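Peer 1: I would like to see how this sequence folds:
(3 chains)
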Amino acid sequence: MGINLRTLLEPETITLEELSGKIIALDAYNMIYQFLASIRMKDGRPLTDDNENVVSHLMGLLSRTSNLLKTGIKPVFVFDGVPHPLKESTITYRIMRKKEAMEEWKKALSAGDMERARSKAQQTSHFTHEMVRETKHVIELMGIPLVQAPSDGEAQASLMTAKGEVDATGSQDFDSLLFGSTTLIRNITMSGRRKMPGKHHYKTVNIEKIRLPELLKTHEITHEQLVDMAILIGTDFNEGIKGIGPKKSLKLIKKHGKLEEIMVETGYEIEHFQEIRNIFLNPMASDDYELIWKKPQIERLVELYVEGHQFKESTIKKYIEKIEASKPAHRQIRLDFF
DNA sequence: CACTTCCA
DNA sequence: TGGAAGTGG
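Peer 2: Alright, predicted model coming up:
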């Protein structure tokens, strides 16, 4: 989701180890969604416990987070709050797409096309309140700070990064750059291994580091201009102009300077553009949080996974050992690294 | 996701 | 021996 700025970026490939000691504000929904989409059976069914509760997200959360901690990374999970009213049509559209995907999943299953079934099933991924509640519970049991954003989690994480409270924002989406996050880390959840996007070929997924100041410098634009470009292309809060992508929007912003001028020159009409600008340039965020990493509550974690959802005790213990092996918290943020 | 098993 | 496929819950 969000905007695709890929063609304007030159991401730097880094390793997980290079993030050791760094505080990363993770877009929790973004991360959990990826687990929900990817941790599935061949026919597309997610992992479930004896009561048919989906547990894919719990599996991914524990396995990946324990690895981050073991590497010495200090994660902070940021959760979405109430979406901005302008996001309503995006949300409605996504729900509709999920329903369509559900139908196509069923069709592919009865046609015996497992590959298509799995891919369609991934697109049906959605959270229940219970899943969100339990995800938050596990994060707390792991002793990791949790931040509840008033609205967009990406906005919250970005402001925290911009203020230097954390070293980077971790998300697949590029939106945090619009929200002013100075450093974006992509693929922190899905890196290393190989991924199968299409049919037969595999691809290595690298962790990418993207710096906002460098992005702006490369294209000789301001943050405000980047946001105007995004509004032209289309964001979660507006549809954008048909036929305008990153390249054309860059050309337009370089020629005319700002959105108002572009609209005058081209006749494009964009509703609520001032408000959308404001969403990105003045991110709504809470300061009701503490960035403290506590000791994990091992017994309660084991109980939740093993008794609660029938995970194998030895598997869970292995992950918890990794959490315990995590390097002690560096209280200092080394700003010079990024 | 991450571990286990399979097979060239 | 290591990449691909399978499994976990």
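Peer 1: C-alpha from now on. contacts and neighbour counts both.
Peer 2: Fine.
Peer 1: burial measure for the residue in the stretch 1-150 of chain A positioned nearest to DNA strand B, as a count.
Peer 2: Nearest residue of the stretch 1-150 of chain A to DNA strand B: A:R64, at 3.6 Å (CA to the nearest atom of the strand). A:R64 has 17 neighbouring residues, counting by other CA atoms under 10 Å.
Peer 1: any weak-confidence spans in the stretch 101-250 of chain A?
Peer 2: A:193-202 (pLDDT under 70).
Peer 1: the same query, at a cut-off of 50, please.
Peer 2: The model of the stretch 101-250 of chain A has pLDDT under 50 over residues A:197-199.
Peer 1: find the nearest non-adjacent residue to the residue of it found nearest DNA strand B, please.
Peer 2: As assessed by CA to the nearest atom of the strand, DNA strand B sits closest to A:M190 within the stretch 101-250 of chain A, at 2.5 Å. Spatial nearest neighbour of A:M190, excluding adjacent residues (CA to CA, 6 or more residues apart in numbering): A:V205 at 7.2 Å.
Peer 1: which SS class is the residue of the stretch 1-150 of chain A closest to DNA strand B?
Peer 2: Secondary structure assignment for A:R64 (DSSP: H, G, I helix; E, B strand; the rest coil): helix.
Peer 1: that one against A:T189, yeah?
Peer 2: Yes - using CA atoms under 8 Å, A:R64 is in contact with A:T189, at 6.6 Å.
Peer 1: check which helix or strand the residue of the stretch 101-250 of chain A closest to DNA strand B maps to.
Peer 2: Taking DSSP states H and E as the definition, one finds A:M190 inside no helix or strand.
Peer 1: quick one: the strands in the stretch 51-200 of chain A?
Peer 2: Using DSSP state E, counting those that start in this stretch, the strands assigned to the stretch 51-200 of chain A run over residues A:74-79, A:146-148, A:168-170, A:183-186, A:194-195.
Peer 1: identify the bridge partners of the closest residue to A:I3 other than its chain neighbours.
Peer 2: The shortest distance from A:I3 to any non-neighbouring residue, by CA to CA, 6+ apart, is to A:T235 (5.6 Å). Listed by DSSP bridges, the beta-bridge partners for A:T235 are A:N238.
Peer 1: A:T235: neighbour count?
Peer 2: The burial count for A:T235: 21, using other CA under 10 Å.
Peer 1: just to revisit the earlier point, what's the closest of the strands of the stretch 51-200 of chain A to A:I91?
Peer 2: Each of the strands of the stretch 51-200 of chain A has some distance to A:I91 by CA to CA; the shortest is strand A:74-79, at 16.5 Å.
Peer 1: now that closest one - C-alpha only, CSV.
Peer 2: Output of strand A:74-79 as CSV, limited to C-alpha atoms (Å, rounded to 0.1, in the frame of the first residue of the first chain):
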residue,chain,number,x,y,z
LYS,A,74,16.3,-2.5,19.8
PRO,A,75,12.8,-2.7,18.3
VAL,A,76,9.9,-0.5,19.2
PHE,A,77,6.5,-1.5,17.9
VAL,A,78,4.2,1.3,16.7
PHE,A,79,0.5,0.6,16.3
